[in-house]
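1. I'd like to go over a predicted model; first the sequence, then the structure.
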Amino acid sequence: MSRAGTGRVAVAIVTHETRDEVLGCLASLAPGEADEIVVADTGSTDGSVQAVRDAYPDVRVLELANAGFGRAANAAVRVTSSPVAVIVNADVRFLPGSVRRLARELEDDPSLAAAGPAVRYPDGRHQASARRIPDLRTAVGHAALGRVRPDNRWTRRYRVADADRAAPRDPDWLSGCALAVRRQAFDDVGGFDPGYHLYVEDVDLAVRLRRAGWSLRYQPAANVIHRVGASTATKRGRALVCHARSLDRYVGRHHDGVVWRLVRPVVAGGLAAGVALTWVWERTLGAGHSTTGERADRSVR
């Protein structure tokens, strides 16, 4: 495993129908924070592409079909030459120095494939961006109770709620909303699996990186602000179905053995029921949550 070496870092922003968000993300990057900036637009019809080109003529813009987050992120990273790429959603805002701090984490520790910052909502609350891969019991408990009782023991275990958020640690997986990757490691495992249109591709990437011998690092000295669900807030039903399909794909790819083969049809049925119940629950109660169970916050500026 080689060091990142040159100190150069790229920022790759994935956007879909989030014109104001991507402009805000670019505005939050301090001068000199990144050596390369790429915006991968996935078929937006809201003027995002032209707005970025008008406001930031030095930023490279890729116009892509709406083929999913992972495929767009892969394309953006592919056109960069820096040894480290920081991949972000358009609704992320960087705090000063965060990009360089994440790159330095990878440069200083050659065992790391990826590093993630502390992620906060616009109101200052922490997001659970560095989590544990759940066992079957934890997954079922979190799925059943995570939205109605987020303080239940299974959800707390999955989100590593008792960890010191001010201390670096090596989690099982890091949120793809803001993720610095070592280009060598990212390329070696083939980047994000494009079979995930949206959601869970970050968990899948982490599993493959760790199986290849790499580690991941949560580094709270770097900080970003993230508004959950900016590109999916108006397409909630489609987002829920997409999340369920991604979870089913993940189970099929990474869980084998007699027990999992027996429970997979049950899992598939549970995912379908979960989509229907969540849709009704949110429409009835007006609850604003992300597809992954966190409360969506639409006040990012």
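-> Alright, I've got the coordinates.
2. can you give me the strands for the protein?
-> For the chain, applying DSSP state E gives strands covering 9-15, 36-42, 60-64, 84-89, 92-94, 112-120, 130-131, 173-174, 178-182, 215-226.
3. Which elements pack onto the fifth one?
-> Helices and strands touching strand 92-94, by 3 or more CB pairs under 8 Å, 6 or more residues apart in numbering; DSSP states H and E, are helix 19-27, strand 215-226. All C-beta spots, glycine's among them, are computed from the backbone N, C-alpha and C.
4. Contacts for that strand, please.
-> Outside strand 92-94, the residues within contact range by CB atoms under 8 Å, 6 or more residues apart in numbering are 13, 24-25, 28-30, 33, 88, 177-178, 224-226, 300.
5. Now, of those, which are buried?
-> 13, 24-25, 28-29, 33, 88, 177-178, 224-226, 300 (16 or more other CB atoms under 10 Å).
6. where in the stretch 1-150 of the chain is pLDDT low?
-> Applying pLDDT under 70 to the stretch 1-150 of the chain flags the ranges 1-6.
7. Contact partners for Glu36?
-> Glu36 neighbours (CB under 8 Å, 6+ apart): 8-11, 60, 80-82.
8. Now restrict these to buried residues only.
-> Buried among the contacts of Glu36 by 16+ other CB under 10 Å: 8-11, 60, 80, 82.
9. quick check, nearest of those to Val189?
-> Closest approach to Val189 among these (CB to CB): Thr80, at 17.1 Å.
10. hang on, isn't that closest one packed against Val38?
-> Yes - Thr80 is within contact range of Val38, at 6.2 Å (criterion: CB atoms under 8 Å).
11. shared neighbours, those two?
-> Both Thr80 and Val38 are contacted by 10, 12, under the criterion CB under 8 Å, 6+ apart.
12. Identify the residue nearest the residue nearest to the spatial centre of the chain in space, chain neighbours excluded?
-> Geometric centre of the chain, nearest residue: Gly176, 1.9 Å, by CA atoms, centre = their mean. In space, Gly176 comes closest to Asp202 once its chain neighbours are excluded; the distance is 3.3 Å by CB to CB, 6 or more residues apart in numbering.
13. which residues does that neighbour contact?
-> 173-176, 179, 192.
14. ok, now with 10 Å
-> With contacts defined as CB atoms under 10 Å, 6 or more residues apart in numbering, Asp202 is in contact with 69-70, 73, 87, 114, 116, 129, 131, 173-177, 179, 192, 196.
15. Poorly predicted segments of the stretch 201-301 of the chain, please.
-> Counting by pLDDT under 70, the stretch 201-301 of the chain contains low-confidence residues at 229-237, 256-301.
16. hang on, the earlier thing: what's the pLDDT at the residue nearest to the centre of the chain?
-> Note on Gly176: pLDDT of 97.
17. quick one: it and Ala72 touch, right?
-> No - between Gly176 and Ala72 there is no contact, the gap being 11.4 Å when judged by CB atoms under 10 Å.
18. Now for these two: what residues contact both?
-> Common neighbours of Gly176 and Ala72 (CB under 10 Å, 6+ apart) are 14, 87, 192.
19. Throw these into a markdown table and include neighbour count and distance to Ala55, thanks.
-> Listed next are these as a markdown table, based on neighbours: other CB atoms under 10 Å; distance: CB to CB, whole Å:
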| residue | neighbour count | distance to Ala55 |
| --- | --- | --- |
| Val14 | 28 | 18 |
| Ile87 | 30 | 21 |
| Phe192 | 25 | 27 |
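20. Of the buried ones among the contacts of Glu36, just say which sits nearest to His243.
-> Taking CB to CB as the measure, His243 sits nearest to Val11 out of the buried ones among the contacts of Glu36, at 26.0 Å.
21. Skipping its backbone neighbours, what lies nearest that closest one in space?
-> Nearest residue to Val11, sequence neighbours excluded (CB to CB, 6+ apart): Ala34, at 4.2 Å.
22. what's the burial count for the one you found?
-> Residues lying near Ala34 (other CB atoms under 10 Å) number 24.
23. do Arg125 as well
-> By other CB under 10 Å, 10 other residues sit near Arg125.
24. Can I get stretch 106-119 as PDB, trimmed to CA atoms?
-> Taking C-alpha atoms only, stretch 106-119 is exported to PDB below (Å, rounded to 0.1, in the frame of the first residue of the first chain):
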ATOM      1  CA  LEU A 106      -4.700   9.500   3.900                       C
ATOM      2  CA  GLU A 107      -1.200  10.800   3.300                       C
ATOM      3  CA  ASP A 108      -0.100  10.200   6.900                       C
ATOM      4  CA  ASP A 109      -1.500   6.700   7.200                       C
ATOM      5  CA  PRO A 110      -0.800   4.400   4.200                       C
ATOM      6  CA  SER A 111      -3.200   1.700   5.600                       C
ATOM      7  CA  LEU A 112      -6.200   3.900   4.900                       C
ATOM      8  CA  ALA A 113      -8.400   3.700   1.800                       C
ATOM      9  CA  ALA A 114     -10.900   6.400   2.900                       C
ATOM     10  CA  ALA A 115     -11.500   9.000   5.500                       C
ATOM     11  CA  GLY A 116     -14.700  10.700   6.500                       C
ATOM     12  CA  PRO A 117     -15.300  14.000   8.300                       C
ATOM     13  CA  ALA A 118     -17.600  14.800  11.100                       C
ATOM     14  CA  VAL A 119     -21.000  15.500   9.400                       C
END
